[in-house]
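S.K.: Next input, structure requested:
(chains A and B)
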There are 2 protein chains.
Amino acid sequence: MPDPSATASAPTATTTAYEPTSRTVPTRAAERAAYDRETVHAILDDGYVCHLGFVRDGAPVVLPTLYARVGERLYVHGSTGSRPLRTAGRREADPGLAVCLTVTHVDGLVLARSAFHHSLNYRSVVVHGTARQVTDPAERSAALDALVDHVVPGRAADSRRANAKELAATAVLRLDLEEVSAKIRTGGPNDDPEDLELPHWSGVVPVSRTYGAPIPADDLAPSVPLPAYLAAGCSTG
Amino acid sequence: MPDPSATASAPTATTTAYEPTSRTVPTRAAERAAYDRETVHAILDDGYVCHLGFVRDGAPVVLPTLYARVGERLYVHGSTGSRPLRTAGRREADPGLAVCLTVTHVDGLVLARSAFHHSLNYRSVVVHGTARQVTDPAERSAALDALVDHVVPGRAADSRRANAKELAATAVLRLDLEEVSAKIRTGGPNDDPEDLELPHWSGVVPVSRTYGAPIPADDLAPSVPLPAYLAAGCSTG
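M.R.: Alright, predicted model coming up:
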């Protein structure tokens, strides 16, 4: 599989952390912010649905969509007819689409004695930048494989790859990981000292994403076995 | 509890569906779109974290945040010092903040024989509108209760309500449900007829959000029992 992060224009991770900017430094709870690549990559790799924000006619639009990470790049895809992908322009040299791509995992409900200190445990990543059309066939192909494998590792090789007609109908956008921050909350409630004797239960209810037993398609021949990458459970998400 | 949806300015649900607009009719997969209030409310009530998009310096920003629904209104809250809440203005009469608020639930991974037809089963709601500061004390109080109860029903009454200092530090924004759409995908993969005999497994892996056993805070007295609303499991989310 070609590695698009190895092409000349790909960003390279020469530092262990992303440089904070005015829009990636939070105005509050700054102690929850993180910029190191390892933390950011782990949060991105633990999910596959992001919320992609862009501006249309001066107003914000936020749509859920699949994403995948390959090195220091994120990819999203969609119909060539969809609004954000059309707006990004058809060529790599086009101005592209200013986006904010956000990934959030909820890990716990934090119940404090006071309503005010209720919170969530979570891990999120916010990426600011410009999404651009990917036109190089090898990079497009690798990105589409990554989008499938990001959801179910090993699946891309065990499916029929896109044909010419499907490739022509699919737009792939690339977003370089440059202006990036993570935000993480962990641990129990932070009640005020004067509230500790109140009679309300306090603590954390863990939250996780779980996967049920795979359900075969109605038209699947009984002779087709469940693949090992599903029998073992999904490793991402 | 005062019902803010009963105030004079609250939108009333005089129809069973939201009126589609140019930005709530999708350019593709229009058959997945829904506008009826019952469907929209059910999706909103099944979650508590939204992705709130707004425009800052011409660029999109998408942040995860808690929300709650009360009738035909959504509420979000935050520190009075946070950027979006500051931008909305301090008074109800201020222009407010143009937002797009999106809620997404992932219900399944859809594995088709072809990479192209891979998909997700999901339920999402997208709300466009203008978020405005809530300044009426009764509506603010009801909104803050709703934000707690939306995550854990019954919890607001079993916690210390916000005091004057906390209320002064908290901004509450209201977003009327007027320009709203839902999008839903259910069911198995839609493979092309010519792919049905391929040897790849196809079907759906169910995805759900699950809750673990509540973990008491380190400083919780052993005499404080687990409340019934937690012992029974969380009913939302």
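S.K.: Poorly predicted segments of chain A, please.
M.R.: Under the criterion pLDDT under 70, the flagged ranges of chain A are A:1-13, A:232-237.
S.K.: In contact with the closest residue in space to A:Thr87 that isn't next to it in sequence, which residues?
M.R.: Ranked by C-beta to C-beta, 6 or more residues apart in numbering or on different chains and with sequence neighbours excluded, the top spatial neighbour of A:Thr87 is A:Leu97, at 5.2 Å. C-beta coordinates here come from the backbone N, C-alpha and C atoms, glycine included. Taking C-beta atoms under 8 Å, 6 or more residues apart in numbering or on different chains, we find A:Leu97 in contact with A:54, A:84, A:87-89, A:130-132, A:173.
S.K.: which ones are touching the nearest residue to A:Leu198 once chain neighbours are set aside?
M.R.: In space, and not counting its chain neighbours, A:Leu198 is closest to A:Arg113: 4.4 Å by C-beta to C-beta, 6+ apart. The contact partners of A:Arg113, by C-beta under 8 Å, 6+ apart, come to A:189, A:191, A:195-196, A:198, A:200, A:202, B:159-160.
S.K.: What of A:Leu120?
M.R.: A:106-110, A:185, B:49, B:66, B:151.
S.K.: Just send those residues back as JSON lines, with neighbour count too.
M.R.: What follows is the contacts of A:Leu120, written out as JSON lines (neighbours: other C-beta atoms under 10 Å in any protein chain shown):
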{"residue": "A:Val106", "neighbour count": "20"}
{"residue": "A:Asp107", "neighbour count": "17"}
{"residue": "A:Gly108", "neighbour count": "23"}
{"residue": "A:Leu109", "neighbour count": "24"}
{"residue": "A:Val110", "neighbour count": "23"}
{"residue": "A:Arg185", "neighbour count": "17"}
{"residue": "B:Val49", "neighbour count": "20"}
{"residue": "B:Leu66", "neighbour count": "20"}
{"residue": "B:Val151", "neighbour count": "25"}
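S.K.: Of those residues, which is the nearest to A:Ala221?
M.R.: Lowest distance from A:Ala221 to the contacts of A:Leu120 (C-beta to C-beta) belongs to A:Val106, with 38.5 Å.
S.K.: Any figure for the gap between the closest one and A:Asn121?
M.R.: A:Val106 sits 7 Å away from A:Asn121, going by C-beta to C-beta, to the nearest Å.
S.K.: Common neighbours of the two, please.
M.R.: A:Val207.
S.K.: Phi and psi next, for A:Tyr18.
M.R.: Main-chain torsions, A:Tyr18, degrees, to the nearest 10: phi -80, psi 140.
S.K.: Hmm, it is touching A:Glu179, no?
M.R.: Yes - between A:Tyr18 and A:Glu179 there is a contact under C-beta atoms under 8 Å: 7.2 Å.
S.K.: Check the offset of the biggest helix by length in chain A from the chain's centre.
M.R.: Using DSSP state H to define each element, chain A has its longest helix at helix A:137-151. Centroid separation between helix A:137-151 and its chain, computed with C-alpha atoms, centre = their mean, to the nearest Å, is 14 Å.
S.K.: Please name every helix or strand in contact with that helix.
M.R.: In terms of contacts (3 or more C-beta pairs under 8 Å, 6 or more residues apart in numbering or on different chains; DSSP states H and E), helix A:137-151 is packed against strand A:59-66, strand A:68-70, strand A:73-79, strand A:170-176.
S.K.: if we go to 7 Å?
M.R.: Using 3 or more C-beta pairs under 7 Å, 6 or more residues apart in numbering or on different chains; DSSP states H and E, the elements in contact with helix A:137-151 are strand A:68-70, strand A:73-79, strand A:170-176.
S.K.: For B:Pro26, which of these is the nearest?
M.R.: For B:Pro26, the closest of the helices and strands packed on helix A:137-151 is strand A:73-79, at 10.3 Å, according to C-beta to C-beta.
S.K.: tell me which residues in the very next helix or strand once past that closest one are buried?
M.R.: Counting by DSSP states H and E, the next helix or strand C-terminal to strand A:73-79 is helix A:83-87. Using 16 or more other C-beta atoms under 10 Å in any protein chain shown as the test for burial, helix A:83-87 gives A:83-87.
S.K.: between the residues you listed, which is closest to chain B?
M.R.: A:Arg83 (5.8 Å; C-beta to the nearest C-beta).
S.K.: What backbone torsions are found at the closest residue in space to that closest one that isn't next to it in sequence?
M.R.: Excluding its sequence neighbours, the residue lying closest to A:Arg83 (C-beta to C-beta, 6+ apart) is B:Thr27, at 5.8 Å. Main-chain torsions, B:Thr27, degrees, to the nearest 10: phi -80, psi -20.
S.K.: Report the contact partners of B:Thr27.
M.R.: Residues in contact with B:Thr27, defined by C-beta atoms under 7 Å, 6 or more residues apart in numbering or on different chains, are A:81-83.
S.K.: can you give me the strands for chain A?
M.R.: Per DSSP state E, chain A carries strands over the ranges A:33-34, A:49-56, A:59-66, A:68-70, A:73-79, A:97-111, A:119-133, A:170-176, A:179-185, A:203-211, A:215-216.
S.K.: TSV please, covering these and showing distance to B:Asp145.
M.R.: TSV is the format used below for the strands of chain A (distance: least, C-beta to C-beta, whole Å):
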stretch	distance to B:Asp145
strand A:33-34	30
strand A:49-56	27
strand A:59-66	26
strand A:68-70	40
strand A:73-79	38
strand A:97-111	14
strand A:119-133	16
strand A:170-176	39
strand A:179-185	22
strand A:203-211	19
strand A:215-216	40
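S.K.: doesn't B:Leu198 make contact with A:Val224?
M.R.: No - with contacts counted by C-beta atoms under 7 Å, A:Val224 stays clear of B:Leu198, the gap being 9.0 Å.
S.K.: and the gap between the residue of chain A most remote from its centre and B:Ser223?
M.R.: Going by C-alpha atoms, centre = their mean, the residue of chain A most distant from its centre is A:Glu197, 41.0 Å out. For A:Glu197, the distance to B:Ser223 (C-beta to C-beta) stands at 11 Å.
S.K.: now A:Asn190
M.R.: Applying C-beta to C-beta to A:Asn190 and B:Ser223 gives a distance of 22 Å.
S.K.: Which of these two has more residues huddled nearby?
M.R.: A count of neighbours by other C-beta atoms under 10 Å in any protein chain shown puts A:Asn190 above the other of A:Asn190 and B:Ser223, at 12 against 6.
S.K.: Surely that one and A:Phe116 touch.
M.R.: No - if you go by C-beta under 7 Å, A:Asn190 and A:Phe116 don't touch, sitting 10.1 Å apart.
S.K.: what about stretch A:204-219, near chain B?
M.R.: Yes - contact between stretch A:204-219 and chain B, assessed by C-beta under 7 Å from any C-beta of the partner chain, occurs at A:204-212, A:214-219.
S.K.: Please pick the buried ones from the residues you listed.
M.R.: For these, buried by 16+ other C-beta under 10 Å: A:204-205, A:207, A:209, A:211, A:214, A:216-217.
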